[in-house]
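Enquirer: need coordinates for the following:
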Amino acid sequence: MEEKGFINIDKVVSQLDVKSGMTVADFGAGHGFFSVAFAKSAGPSGKIFAIDILPQSLEAVRSRARLDGLFIIKTIESDLERPRGSTLDDGICDLVFIANVLFQVKDKNGLINEARRILKPNGELAVIEWKPYIGLGPQKNLRLSEEELKTLIDANGFGESKTLDAGSHHFGYIFKKI
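Expert: Below you'll find the model as predicted:
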């Protein structure tokens, strides 16, 4: 069990039920800990898109993928707040994953709309964010409460949420595209 930034990656990925052949976009992939875990679950017939604005983060993802022989991970340098920012085609992803990103984003609606655009019908959006009352983490005034997150996601064409156990410092939800 690998823990990075207080999140048990294997535990989270197991709750997302990533299966062989699935296509997953990891928004704000950082160093790719989740992208690698998704690639292992999706197998050689899957596709993983690790998307980040920082080129050095994507280089770390590429290094990890090469070391682990995970050639299904494609890195994309992009600003996800821009329209069509992921550069992916409409409706190709089974899952879009966003962890510890929304507190950093000015255009939260733009980011969520981009996730919705690339998701297949009934695709899932998984979001993990810092709990607003925990001492560690980003500035508290930048964090979203669970209610604020649900309102944001629901307003952008998603419904039917279920909770995601994201550990003691984070909360998470899985939303269905409607």
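Enquirer: from here on, contacts and neighbour counts on C-alpha atoms
Expert: Noted.
Enquirer: would I48 count as being in a strand?
Expert: Yes - under the criterion used here (DSSP: H, G, I helix; E, B strand; the rest coil), I48 sits inside a strand.
Enquirer: which residues touch it?
Expert: When contacts are counted by CA atoms under 8 Å, 6 or more residues apart in numbering, I48 is found next to T23, V24, A25, D26, S35, F38, A39, I72, I73, K74.
Enquirer: top of the residues you listed by neighbour count?
Expert: The residue in the contacts of I48 with the most neighbours, by other CA atoms under 10 Å, is F38 (32 neighbours).
Enquirer: thought that one was touching V12?
Expert: No - with contact defined as CA atoms under 8 Å, F38 does not reach V12; the gap is 10.3 Å.
Enquirer: in CSV, list the contacts of I48 along with pLDDT.
Expert: As requested, the contacts of I48 are exported to CSV (pLDDT from 0 to 100):
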residue, pLDDT
T23, 98
V24, 98
A25, 98
D26, 98
S35, 98
F38, 98
A39, 98
I72, 98
I73, 98
K74, 98
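Enquirer: what's the farthest-apart pair in those residues?
Expert: Comparing every pair within those by CA to CA identifies D26 and I72 as the most remote, at 13.0 Å.
Enquirer: got the contact list for stretch 22-29?
Expert: Under CA under 8 Å, 6+ apart, the answer for stretch 22-29 is 34-35, 38, 42, 45-53, 57-58, 80, 92-99, 101.
Enquirer: neighbours of G30, how many?
Expert: 24.
Enquirer: was I right about it contacting E59?
Expert: No - when contacts are counted by CA under 8 Å, G30 is not listed as touching E59 (9.7 Å).
Enquirer: okay, now the nearest residue to I72 once chain neighbours are set aside: neighbour count?
Expert: Taking CA to CA, 6 or more residues apart in numbering, and ignoring the residues beside it in sequence, I72 has K47 as its nearest neighbour in space, at 5.2 Å. Neighbours of K47 under the rule other CA under 10 Å: 23.
Enquirer: and what of R143?
Expert: 21.
Enquirer: and what of F175?
Expert: Using other CA under 10 Å, the number of residues around F175 comes to 24.
Enquirer: beyond the longest helix anywhere in the chain, next helix or strand please.
Expert: Assignment by DSSP state H gives helix 55-68 as the longest helix of the chain. The element immediately downstream of helix 55-68 (helix or strand, assigned by DSSP states H and E) is strand 73-77.
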